[in-house]
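1. Generate a structure from the sequence data that follows.
(chains A and B)
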Amino acid sequence: MNSFVIDDKEKSEFLVHRSVFTEREILARERAEIFNKCWLFIGHESELKELGDYKRKKVGGRNLLFVRSQDGEIRALYNTCPHRGALVCRENEGNSRVFRCFYHAWSFTNDGNLVGMPGKDGFPEDFNAEGTKNMKAVKRVESYRGFVFVNFDDHAISLDEYLGNAKEYIDLVADQSDAGLEVLGGVQQYSVRANWKLLAENSVDLYHGMPTHKTYFDIKQEQDPNLKRVRLEGHGRELGNGHGVMEYVAPWGRPIAQWTPIWDEKLKEDMEKIKARLKEKYGEERAERITNYNRNILIFPNLVINDIMAVTARTFYPTSPGYMEVTGYALAPVGEPEDHRLARNNNFLEFLGPGGFATPDDNEALELCQEAYTNNSEVEWNDISKGMIREENAMATDELQMRAFWRQYKKIIKPSMMEEEVTMK
Amino acid sequence: MTVTRQNVVDFLYHEANLLDEWKLLEWAELFTDDASYTVPPIYEPDADATRSLFYIHDDRDRIQKRAERLLKKEAHVEYPHSTTIRNYHNVLVQDLDQDTIKVLCNFTTYRTKREVLDSFIGKQQFEIVSQDGKLRIKKKKVILHLDSLRPQGKISLIL
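-> Next up is the predicted model:
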């Protein structure tokens, strides 16, 4: 086999070899080539409002401490004691100037510097002269419009360059609010018994919308008597570096700012005001795009920002080929009025999250794929060809945005490299 | 009507049993018109729904929709239906002589599907009222005592 991904433009056929979802060696390669080298989302600036605020985060398989140090800078410390390795901070979140490892009581300021240890007389005076006994920080931490990323490759290109064309879409999300967006409490930590790449695909897959989420759209039709038929229409785009997006209209309400009959008249008036303000600031066309269009943005490899019936950011990481840990955030404008916020959150929960009317069905679809990959020896390929015959003008319900992911994957993960490695051993 | 502790406990066992038997429309009928069914975020049992994202924040209308949806074949996650067992333990009944009876209990809910068994544990708070000689649920709040929804992955069933 020359490649796990066959991108046959002549035949308009796009295939992915199913072994990429099940093989341990492939996961090891993905860790080395993708998760150790790409920009990975760690959190949002709003999670660390005050000096000393911290949150534990698992990113790319690491245990990190996402912290706003006393100097105001946001850092990602490796949450491991330089002494013997124990997890230093055990609380999930909080505020502290100092982190102390309980094992031998070494203490560190919230920028990682060692400030105390018992029995100092047993160590030379210049013991930490080179700083090797400080908690180590991830060297590359960069942010864009409040979204903070880390990269474990010190020589990686800048986040700005990495995001490239995806910035246009992140801007459309961030521009919803003059005061900025903030992460709400109750970050959702869940899992799916399926390969992580299936969630990357699923998050920018509008094709599955109707069949998988029929029960949700039934409810939408009940709620809105004027909804003649469910329309999910728009465009799909490949954004480079593996990123992809779909932008489309849909029959659900958008907190910013497309009213729906389940909301009251006051909310309708508020939304008209929001629209008017956005028009004034960005012009008719861009305001229309911000308020009426939905966006599912896939940032390679494992960040999804969905600006749909609410705004969610979701990141996921494989602990084994058939299991991923997912973290889901809800984002909303800072200072949003309470009634608006409640309508937003209820709208979120009707579709999204582990208790929603849609996300659990996605979870099931992914798990059924994984379960049936037991047949991979005989049935080898996934098909992701929809819309290949019209890529320059792809519809949102086409699969171009997924192919964007796989084309990058193809560049990075090559079967021949694995074979070379095997031969070298 | 005089309500005894035993009436309340039996009522809750009945509620749990309806769910285990997938009689979800009958289950929804147990709720008053102003009822709520909520699952607040883990570690935030007293969360404010405008500041934190709940897992479930249903009013009476959405309780009905949840029940109806789960009975459809297109509620794929629960088709074919999972097998479940719900247990209520350590049932503390308060304010038996008041209009609103409060109950706090521990719960364990087991769900199995495709030979994978998941468990959900925690506390439930109920507010129960009498209406037309029958007990009805005004509030059902499920406080998960878990670290996360791993490996359960979802709350597709009604807890």
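2. Quick check: the gap between residue B:123 and chain A.
-> 17 Å (Cβ to the nearest Cβ, to the nearest Å). For glycine as for every other residue, the C-beta is placed from the backbone atoms N, C-alpha and C.
3. Please identify the helix or strand for that residue.
-> Assigning secondary structure by DSSP states H and E places residue B:123 in strand B:116-131.
4. in its sheet, what does the helix or strand just after that strand sit against?
-> Going down the chain from strand B:116-131, the next helix or strand is strand B:134-144, by DSSP H and E. Here strand B:134-144 is paired, per DSSP bridges, with strand B:31-39 (parallel), strand B:116-131 (antiparallel).
5. buried stuff in the last one?
-> The one in question is strand B:116-131. B:118, B:120, B:122, B:124, B:126, B:127, B:128, B:129 (16 or more other Cβ atoms under 10 Å in any protein chain shown).
6. Average pLDDT for that strand, rounded please.
-> For strand B:116-131, mean pLDDT is 98.
7. Over to the shortest one?
-> Model confidence over strand B:31-39, given as mean pLDDT, is 98.
8. Around chain A, pick out the residues from chain B.
-> Applying Cβ under 8 Å from any Cβ of the partner chain, one finds that chain B approaches chain A through B:39-44, B:47, B:49-57, B:62, B:65-66, B:69, B:72, B:74-77, B:114, B:116, B:147-156.
9. In ChimeraX, how would I select the buried members of these?
-> Those of these that count as buried under 16+ other Cβ under 10 Å are selected in ChimeraX with:
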select /B:39,40,41,42,43,47,49,50,52,53,54,55,56,57,62,65,66,69,75,76,77,148,149,150,152,153,154,155,156
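10. Now intersect the residues of chain B next to chain A with the helices, please.
-> Residues of the residues of chain B next to chain A located in helices (DSSP state H): B:62, B:65, B:66, B:69.
11. ok, so of these, who is nearest chain A?
-> residue B:69 (4.6 Å; Cβ to the nearest Cβ).
12. Which parts of chain A are helices?
-> Using DSSP H, helices in chain A cover A:24-30, A:159-163, A:166-174, A:196-203, A:209-212, A:214-223, A:265-282, A:284-292, A:338-351, A:359-372, A:400-412, A:415-424.
13. Show me the one of the ones you listed that comes nearest residue A:305.
-> Evaluated with Cβ to Cβ, the helices of chain A place helix A:166-174 nearest to residue A:305, the distance being 6.1 Å.
14. Output stretch B:30-39 as CSV - backbone C-alpha positions only.
-> Extracted C-alpha coordinates of stretch B:30-39, given in CSV (Å, rounded to 0.1, in the frame of the first residue of the first chain):
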residue,chain,number,x,y,z
LEU,B,30,-45.6,11.8,36.8
PHE,B,31,-44.4,15.4,36.4
THR,B,32,-46.4,18.6,37.3
ASP,B,33,-46.9,21.2,34.6
ASP,B,34,-44.2,23.4,36.2
ALA,B,35,-41.8,20.6,36.7
SER,B,36,-38.1,20.5,36.0
TYR,B,37,-35.6,17.7,35.4
THR,B,38,-32.0,18.8,35.7
VAL,B,39,-28.5,17.4,35.8
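15. okay, residue 139: pLDDT?
-> Using chain A. In this model, residue A:139 carries a pLDDT of 98.
16. my bad, the chain I had in mind was chain B
-> 98.
17. Contact partners for it?
-> Contacts here follow Cβ atoms under 8 Å, 6 or more residues apart in numbering or on different chains; on that basis residue B:139 touches B:35, B:36, B:38, B:125, B:126, B:127.
18. Could I get the residues you listed in CSV, plus columns for distance to residue A:159?
-> What follows is the contacts of residue B:139, written out as CSV (distance: Cβ to Cβ, whole Å):
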residue, distance to residue A:159
B:35, 47
B:36, 43
B:38, 38
B:125, 45
B:126, 49
B:127, 49
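19. could you measure residue B:20 against chain A, distance?
-> Relative to chain A, and taking Cβ to the nearest Cβ, residue B:20 is found at 19 Å.
20. quick one: contacts for that residue?
-> Counting by Cβ under 8 Å, 6+ apart, the residues that residue B:20 touches are B:84, B:85, B:86.
21. Quick check: the first one touching residue B:111?
-> Looking back up the chat, that one is residue B:84. Yes - the pair formed by residue B:84 and residue B:111 meets the contact definition of Cβ atoms under 8 Å, at 5.0 Å.
22. Kindly list the longest helix within chain B.
-> Criterion DSSP H: the longest helix present in chain B is helix B:5-20.
23. Just the CA trace of that one, in CSV.
-> What follows is helix B:5-20, C-alpha atoms only, in CSV (Å, rounded to 0.1, in the frame of the first residue of the first chain):
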residue,chain,number,x,y,z
ARG,B,5,-43.0,8.0,54.2
GLN,B,6,-43.8,4.6,52.7
ASN,B,7,-46.1,6.3,50.1
VAL,B,8,-43.2,8.5,49.0
VAL,B,9,-40.6,5.7,48.8
ASP,B,10,-43.0,3.5,46.9
PHE,B,11,-43.7,6.4,44.5
LEU,B,12,-40.0,6.8,43.8
TYR,B,13,-39.5,3.1,43.3
HIS,B,14,-42.4,3.2,40.8
GLU,B,15,-40.7,6.1,39.0
ALA,B,16,-37.5,4.2,38.7
ASN,B,17,-39.3,1.1,37.6
LEU,B,18,-41.2,2.9,34.8
LEU,B,19,-37.8,4.1,33.4
ASP,B,20,-36.4,0.6,33.6
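24. Report the inter-axis angle for it versus strand B:134-144.
-> 70 degrees (axes from the mean of the first three to the mean of the last three Cα atoms, to 10 degrees).
25. picking that back up, just the closest of the contacts of residue B:139 to residue A:73, please.
-> residue B:38 (38.5 Å).
26. burial count for the closest one?
-> 20 (other Cβ atoms under 10 Å in any protein chain shown).
27. what residues are up against residue B:8?
-> Residue B:8 neighbours (Cβ under 8 Å, 6+ apart): B:91, B:93, B:96, B:101, B:103, B:128, B:135.
28. go on, residue A:412?
-> Counting by Cβ under 8 Å, 6+ apart, residue A:412 has contacts A:33, A:34.
29. Could you report the separation of it from chain B?
-> 27 Å.
30. confidence score at that residue?
-> Residue-level pLDDT assigned to residue A:412 equals 96.
31. Many thanks, I have nothing further to ask.
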